[in-house]
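Undergrad: only geometry, no sequence info:
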C-alpha cells in the first residue's frame with residue numbers, strides 16, 4: 001500500500017481504502033483488549049501483581065513470628081501505624097498501603113508505565129507496529145490506558161489482599177488512629193477507599209514521568225529507574241525546610257496528605273491540593289510524551 005491524497009490509503013491495485021468503504025479504520029488498529037492480553041502475558045506483569053498479593057502475607061508473617069517488639073519502640077516513620085496494624089483488618093490494610101506508598105508502589109507504577117514503549121523500541125518491534133499502520137497517537141494512547149489500568153489493578157490487589165488476610169487474622173474492627181478517635185468499620189472502609197483513591201491520583205505523577213521517559217529512551221530500565229530516582233529526589237528535597245514555599249511545587253510534597261483522612265473530622269485541604277497538583281503534573285508529562293512521540297523518527 002502506498003499513501004495517497006484524500007481521506008484514505010491507496011492499494012497497489014489503485015483502489016482507495018479508507019473509512020468510506022469500510023477498509024482501513026484507525027479505531028480498529030491495535031485493539032485495547034489485544035494490548036491488555038499482550039501485557040498480561042509479560043513476566044514482569046506476573047511478578048508485579050504477584051508481589052502485591054505476597055507482600056501482605058509477608059507482613060502478616062513478620063507480625064506473627066517477629067515477637068512483640070518491646071525492645072524497639074521506635075518503629076521508624078510508621079511506628080504509630082505498627083501499633084495499630086494488628087488491631088483489625090482495616091488497620092492492617094492501611095499499614096500495607098502506608099509502607100508501600102513511598103517506594104514499592106512507585107516502582108510498580110513506573111514499571112507498568114515506563115516499560116511499554118521503551119521495550120517495544122528495544123525489541124525493534126515499534127516500527128513494525130507503526131507500519132501496520134497504527135496511528136502514533138492511538139498506539140501511545142492504548143499503551144497508556146493499559147499501563148494505567150494495570151497500575152490501578154496492582155493497587156487494588158494490594159488493598160484487597162491486605163484487607164482480606166488482616167480481617168481473617170485480626171477481625172473486623174474500627175479503623176484506628178493515633179490522632180483522633182477510632183472510626184466505625186463502615187465509615188472506616190470508606191476512608192480506606194478514599195486513601196486508595198488518593199494514592200492512585202498521586203501515582204499519576206510517577207505514571208506520567210515514566211511514560212515520558214519511555215518515549216524519550218529505548219532502554220526500559222532507564223525509563224523505569226529514571227522515574228523512580230526523580231520521585232525519590234523530589235521526596236528528599238521536600239525534607240529540606242530551607243526551600244520554604246518552593247517545596248509546595250514538588251510533585252511529592254502532598255504524597256502523605258492521605259493522613260488527613262484519619263482525622264476526625266477528615267482534613268481534606270491538602271488532599272485537594274495534592275490531587276490538583278498530581279493531575280497537572282501528569283497532564284504535562286503525558287502531553288510532552290505525545291508531542292515528542294508524534295514528531296520523532298522511529299528507527300527501532
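TA: Here it is on my side, so go on. What you see is a predicted model; the values in this text were computed from it and never measured. Residues are numbered from 1 along each chain as shown.
Undergrad: once you drop chain neighbours, what's closest to residue 204?
TA: residue 282 (3.8 Å; CB to CB, 6 or more residues apart in numbering). All C-beta atoms are positioned from the backbone trio N, CA, C, and that covers glycine.
Undergrad: how about residue 101?
TA: Of all residues beyond its chain neighbours, the one nearest residue 101 is residue 199 (5.7 Å), with distances taken as CB to CB, 6+ apart.
Undergrad: report the spatially nearest residue to residue 293, omitting neighbours in sequence.
TA: Once chain neighbours are set aside, the closest to residue 293 by CB to CB, 6+ apart is residue 215, at 4.8 Å.
Undergrad: need the contact list for the one you found.
TA: Neighbouring residues of residue 215 by CB atoms under 8 Å, 6 or more residues apart in numbering: 117, 118, 140, 289, 292, 293, 296.
Undergrad: got the contact list for the residue nearest to residue 101?
TA: Residues counted as contacts of residue 199 (CB under 8 Å, 6+ apart) are 97, 101, 105, 155, 258.
Undergrad: any idea how far residue 85 is from the residue nearest to residue 293?
TA: Summarising the geometry, the distance separating residue 215 from residue 85, computed by CB to CB, to the nearest Å, is 40 Å.
Undergrad: again, but for residue 281
TA: Remark: distance between residue 281 and residue 85 (CB to CB) = 31 Å.
Undergrad: these two: who's more crowded?
TA: Between residue 281 and residue 85, counted using other CB atoms under 10 Å, the more crowded position is residue 85 (24 against 19).
Undergrad: my read: the more buried one touches residue 60, true?
TA: No - under the contact definition of CB atoms under 8 Å, residue 85 does not touch residue 60, with a separation of 9.5 Å.
Undergrad: list residues touching both of these two?
TA: Counting by CB under 8 Å, 6+ apart, the common neighbours of residue 85 and residue 60 are 92, 166.
Undergrad: measure residue 58 to residue 263 for me?
TA: Following CB to CB, the distance that separates residue 58 from residue 263 is 30 Å.
Undergrad: phi first, then psi, for the one residue sitting closest to the centre of the chain.
TA: Most central residue of the chain, judged by C-alpha distance to the mean C-alpha position with CA atoms, centre = their mean, is residue 109 at 3.5 Å. Taking degrees, to the nearest 10, you get phi -60, psi -40 for the backbone angles of residue 109.
Undergrad: quick check, it in contact with residue 205.
TA: No - using CB under 8 Å, residue 109 makes no contact with residue 205, being 9.2 Å away.
Undergrad: any common contacting residues for the two?
TA: In contact with both residue 109 and residue 205: no residue, using CB under 8 Å, 6+ apart.
Undergrad: doesn't residue 253 belong to a helix?
TA: No - when the secondary structure is assigned by DSSP: H, G, I helix; E, B strand; the rest coil, residue 253 falls in coil instead of a helix.
Undergrad: enumerate every residue touching it.
TA: The neighbours of residue 253, taking CB under 8 Å, 6+ apart as the test, are 234, 238, 247, 274, 277.
Undergrad: go again with 7 Å.
TA: Contact analysis of residue 253 by CB atoms under 7 Å, 6 or more residues apart in numbering lists 238, 247.
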